[in-house]
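Chemist: Below: sequence and its predicted model.
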Amino acid sequence: MMTFPGLEIDERRHSRVLQEPLAAPRSGIMLHYDDSSRDDWAVEWFSDPRCTNGYTWLVLDDGRVVELADPAMRTPHAGPCRTPLANSRFYGIAAATNGLVLATPAQLDAIVRICKALFTHHGWTRETVARRITGHDREAVWTPQYTARRELWGRPGRKVDPTGQRPDRKPIVDVAEVRRRVKEAL
């Protein structure tokens, strides 16, 4: 099992969701929210037989980090994306929240700490932060599996996380803010 200096994991709960060997080297981090309304439900969902998605880490409201999968393995967090083999190329980090409730300051702090640890481990530079940290909504594309509308195939818009759907348009997990803070921390 892979570990990273500087990354404190509060619980390792490798879920029953598929973990498979990487099909490509890691090249970045994809941010999500898991669409939950309670932390305990969020954690339990990844042990539910109906669950078919997964992330490397789930960050709870109080900033605790639950490792859902061995970081050396890929999980089904991204689906079809602009970047080929996105489930392998990107670590998946999800805030335990939904499309209307902003990630807490403690969640954002933990997400930044995870990102910093990954950048340090891989030797990624601060100049590459903008291309290495992305949101699911910027990567996920429409395919024939998800829509019959051919004009959408290959276009982003299949997912709304981590931006969300708030009427005030505040992002649930602000990717730009995470990038800024990671860059400052490196």
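Modeler: Nice, thanks for sending it over.
Chemist: Wait, a strand at residue 121?
Modeler: No - per DSSP: H, G, I helix; E, B strand; the rest coil, residue 121 lies outside any strand segment and is helix.
Chemist: Name the nearest residue to it, ignoring sequence neighbours.
Modeler: Among residues not flanking residue 121 along the chain, residue 4 sits closest, at 4.8 Å (Cβ to Cβ, 6 or more residues apart in numbering). Placement of C-beta: from N, CA and C, glycine included.
Chemist: Need the pLDDT of the one you found.
Modeler: Residue 4 is assigned a predicted lDDT (pLDDT) of 93.
Chemist: mind checking the backbone torsions on residue 142?
Modeler: Backbone torsions for residue 142, taken as degrees, to the nearest 10, come to phi -80, psi 140.
Chemist: Show me what it is bridged to.
Modeler: residue 153 (DSSP bridges).
Chemist: ok, it - contacts?
Modeler: Counting by Cβ atoms under 8 Å, 6 or more residues apart in numbering, residue 142 touches 80, 149, 152, 153, 154, 155, 157, 158.
Chemist: What subset of the residues you listed is buried?
Modeler: Neighbour counting over the contacts of residue 142 (16 or more other Cβ atoms under 10 Å) leaves 80, 152, 158 as the buried ones.
Chemist: returning to what we had before: so what's the residue count around the residue nearest to residue 121?
Modeler: By other Cβ atoms under 10 Å, 15 other residues sit near residue 4.
Chemist: change the start of the numbering to 35 and stick with it
Modeler: Right, with 35 as the first residue, what we last looked at is residue 38.
Chemist: helix or strand for it, which one?
Modeler: Using DSSP states H and E, residue 38 falls within no helix or strand.
Chemist: ok, it to residue 81 distance?
Modeler: From residue 38 across to residue 81, the span is 24 Å (Cβ to Cβ, to the nearest Å).
Chemist: all strands for the protein, in order.
Modeler: Ranges of strands within the chain are 45-46, 54-55, 62-67, 91-93, 99-101, 107-108, 124-129, 167-169, based on DSSP state E.
Chemist: Could you point out which of those sits nearest residue 140?
Modeler: For residue 140, the closest of the strands of the chain is strand 91-93, at 8.3 Å, according to Cβ to Cβ.
Chemist: mind checking how far that closest one is from the chain centre?
Modeler: Centre-to-centre, strand 91-93 and its host chain are 8 Å apart (Cα atoms, centre = their mean, to the nearest Å).
Chemist: Give the pairing partners of it; include direction for each.
Modeler: When DSSP bridges is applied, strand 91-93 pairs with strand 99-101 (antiparallel), strand 124-129 (parallel).
Chemist: Need these in JSON lines (columns: mean neighbour count, mean pLDDT and distance to residue 93).
Modeler: As requested, these are exported to JSON lines (neighbours: other Cβ atoms under 10 Å; pLDDT from 0 to 100; distance: least, Cβ to Cβ, whole Å):
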{"stretch": "strand 99-101", "mean neighbour count": "21", "mean pLDDT": "97", "distance to residue 93": "6"}
{"stretch": "strand 124-129", "mean neighbour count": "27", "mean pLDDT": "98", "distance to residue 93": "5"}
